[in-house]
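coordinates only, no sequence provided:
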């Protein structure tokens, strides 16, 4: 079921991305064309207006040839009325200025129109589509300037400057963007619905096949071809279903043999104490114990690599393994040099045992251990044995010394009591008797220490009051707390149970 679900998701994502990409491209093309149309329309309007204004200005100058251009334009009511009508008509023309070559305004509609130069509309109309779209939708400049030179009697004496607004373009473009966006969303939603429906139809046979494969992997009986037929048409997956059924029966027949082989291998691995390598019939390491790479001087993991690649074809262990695989030769306790060719100060000891199955050599088992580790273990065992012997001897000596000491102490006490009873001079020898008694007790404590050392430690546990322990601890730490200016507040619970300690 996981395979079919993954296929469904991939197909859904792929179709959605494809439709989304196509929709995005179409929307971009549509918006690009619309932007070009809007700019071309505004440019055409500006060009027509400037031509009409130039004609009107020329007519005003011809009508009053004796007046200066500014006075002639002010006297021409037709030119001013025409200019005001153009501006009042609205977008995209927002202002009209007629000025001389010396930048002197001859005609200004409206009268408060800005005289400073604005960004060129010609340059804007020739810019790239992304720049135009960015400027129309997000730009800071709302008004651009379209300019046309004025001629009178074959000479250029001034220019017409039109303010062209982008607000109308922005409104039309935003409306078109919204419509195209909604159409694209509808197309993506429809494509997603179609993708889900078609993916379920396509993935149905794959889900049935996946279920059959999972049953084979668990060791269950494979899904019969007839069951798969009920999921989809027989002609769609007939060959695949039949083949899976055959493979499932074959695997089910070999599974018991694989379990037996795995059990034998597990028994071998659990019985070994040394580090080992399990080599396949083609000389590749199938299994390696932790630390084998360090013993062999290999820098990488040994599993999956050929033994000749790890050690080199001329290495003694590689030669022993090849002989074990080809000639079934068993080698035991063979000393090996270091992997770099130098004599190893702690030589490795290897044993190679071929592994056979049904009369054929299927691999080899290589056992490895280093002499240094064995020597350390033997040294530790010897040292432990010496400690045991020393403890036994010490215990015997302590017992032999303690018995005479006990006799001496007893007779010394008898001597003291007799002297006190029969000898009036006992006061003169009492200090010497006390010294003898003290030294004997000290010697007895030394002997007892030896005996305690040789015996297993005995932990004497008694009930302890937790509150009492806390009180004693606070008593010890109170001077230091007072020195540091810290105050200790006690909040003990009287119901705490006693603990063993």
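Structure's in. What do you need? A quick note: this is a predicted structure, and the numbers were derived from the prediction, not measured.

where along the protein do the helices fall?
2-63, 69-75, 77-88, 121-125, 129-138, 167-218, 225-229, 234-271, 292-296, 307-311, 316-327, 371-422, 426-454, 466-483 (DSSP state H).

show me the one of the ones you listed that comes nearest residue 150.
In terms of Cβ to Cβ, the element of the helices of the chain nearest to residue 150 is helix 2-63, at 5.5 Å. To be clear about C-beta, it is placed using only N, CA and C from the backbone, and glycine gets the same treatment.

what is that closest one packed up against?
With contacts taken as 3 or more Cβ pairs under 8 Å, 6 or more residues apart in numbering; DSSP states H and E, helix 2-63 sits against helix 69-75, helix 77-88, strand 93-100, helix 121-125, helix 129-138, strand 143-152, strand 155-165, helix 167-218.

how much does it deviate in direction from strand 143-152?
Interaxial angle, helix 2-63 versus strand 143-152 (axes from the mean of the first three to the mean of the last three Cα atoms, to 10 degrees): 30 degrees.

per-domain residue ranges of this structure.
Domain assignment for the chain by automatic domain parsing gives 2-185, 219-271, 273-369, 375-454, 461-501.

make a markdown table from these and add mean neighbour count, mean pLDDT and distance to residue 196 to it.
A markdown table is the format used below for the domains of the chain (neighbours: other Cβ atoms under 10 Å; pLDDT from 0 to 100; distance: least, Cβ to Cβ, whole Å):
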| stretch | mean neighbour count | mean pLDDT | distance to residue 196 |
| --- | --- | --- | --- |
| domain 2-185 | 16 | 79 | 6 |
| domain 219-271 | 13 | 61 | 17 |
| domain 273-369 | 16 | 77 | 43 |
| domain 375-454 | 12 | 77 | 68 |
| domain 461-501 | 10 | 84 | 66 |
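
can you redo these as CSV with distance to residue 191?
Listed next are the domains of the chain as CSV, based on distance: least, Cβ to Cβ, whole Å:
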stretch, distance to residue 191
domain 2-185, 4
domain 219-271, 23
domain 273-369, 46
domain 375-454, 72
domain 461-501, 71
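
between the ones you listed, which one is closest to residue 193.
Of all the domains of the chain, it is domain 2-185 that lies closest to residue 193, at 10.1 Å by Cβ to Cβ.

on that earlier part again, distance to residue 314 added to the helices and strands packed on helix 2-63, as CSV?
Converted to CSV, these look like this (distance: least, Cβ to Cβ, whole Å):
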stretch, distance to residue 314
helix 69-75, 107
helix 77-88, 99
strand 93-100, 93
helix 121-125, 79
helix 129-138, 68
strand 143-152, 84
strand 155-165, 88
helix 167-218, 43
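
tell me which of these sits nearest to residue 11.
Proximity to residue 11, assessed across the helices and strands packed on helix 2-63 by Cβ to Cβ, is greatest for helix 167-218 (4.3 Å).

how much space between residue 415 and residue 293?
Going from residue 415 to residue 293 by Cβ to Cβ, to the nearest Å gives 77 Å.

right, and the helices of the chain - which one's nearest residue 112?
Shortest distance between residue 112 and the helices of the chain, using Cβ to Cβ, is found for helix 77-88: 11.7 Å.

check which helices and strands the closest one sits against.
Counting contacts by 3+ Cβ pairs under 8 Å, 6+ apart, helix 77-88 packs against helix 2-63, helix 69-75, strand 93-100, strand 105-109.

what residues does that helix touch?
With contacts defined as Cβ atoms under 8 Å, 6 or more residues apart in numbering, helix 77-88 is touched by 49, 52-53, 56-57, 59-60, 73-74, 93-96, 98, 107, 109-110.

repeat that for stretch 180-187.
19, 20, 23, 24, 26, 27, 30, 31.

who's in contact with the closest residue to residue 322 other than its chain neighbours?
Spatial nearest neighbour of residue 322, excluding adjacent residues (Cβ to Cβ, 6 or more residues apart in numbering): residue 283 at 7.0 Å. By Cβ under 8 Å, 6+ apart, residue 283 lies in contact with 306, 307, 308, 321, 322, 325.

from residue 275, how far out is the second one?
Going back to what we said before, that points to residue 307. From residue 307 over to residue 275 the distance is 14 Å, taken as Cβ to Cβ.

likewise for the first one?
Using Cβ to Cβ, one obtains 19 Å as the distance from residue 306 to residue 275.

same check on the fifth one?
Plainly put, residue 322 is 20 Å away from residue 275 if you go by Cβ to Cβ.

phi first, then psi, for residue 282.
Here is the backbone geometry of residue 282 (degrees, to the nearest 10): phi -90, psi 10.

to residue 444, which of the helices and strands packed on helix 2-63 lies closest?
Evaluated with Cβ to Cβ, those place helix 167-218 nearest to residue 444, the distance being 75.2 Å.

now the helices of the chain as JSON lines including distance to residue 352?
JSON lines is the format used below for the helices of the chain (distance: least, Cβ to Cβ, whole Å):
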{"stretch": "helix 2-63", "distance to residue 352": "44"}
{"stretch": "helix 69-75", "distance to residue 352": "114"}
{"stretch": "helix 77-88", "distance to residue 352": "104"}
{"stretch": "helix 121-125", "distance to residue 352": "85"}
{"stretch": "helix 129-138", "distance to residue 352": "73"}
{"stretch": "helix 167-218", "distance to residue 352": "35"}
{"stretch": "helix 225-229", "distance to residue 352": "49"}
{"stretch": "helix 234-271", "distance to residue 352": "14"}
{"stretch": "helix 292-296", "distance to residue 352": "14"}
{"stretch": "helix 307-311", "distance to residue 352": "11"}
{"stretch": "helix 316-327", "distance to residue 352": "5"}
{"stretch": "helix 371-422", "distance to residue 352": "18"}
{"stretch": "helix 426-454", "distance to residue 352": "48"}
{"stretch": "helix 466-483", "distance to residue 352": "64"}
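
what's the closest of those helices to residue 360?
helix 316-327 (10.8 Å).

which residues are in contact with that closest one?
In this structure, residues lying in contact with helix 316-327 by Cβ under 8 Å, 6+ apart are 279, 281, 283, 296, 307-308, 311-312, 329-331, 334, 336-337, 350, 352-354, 361, 363-364, 366.
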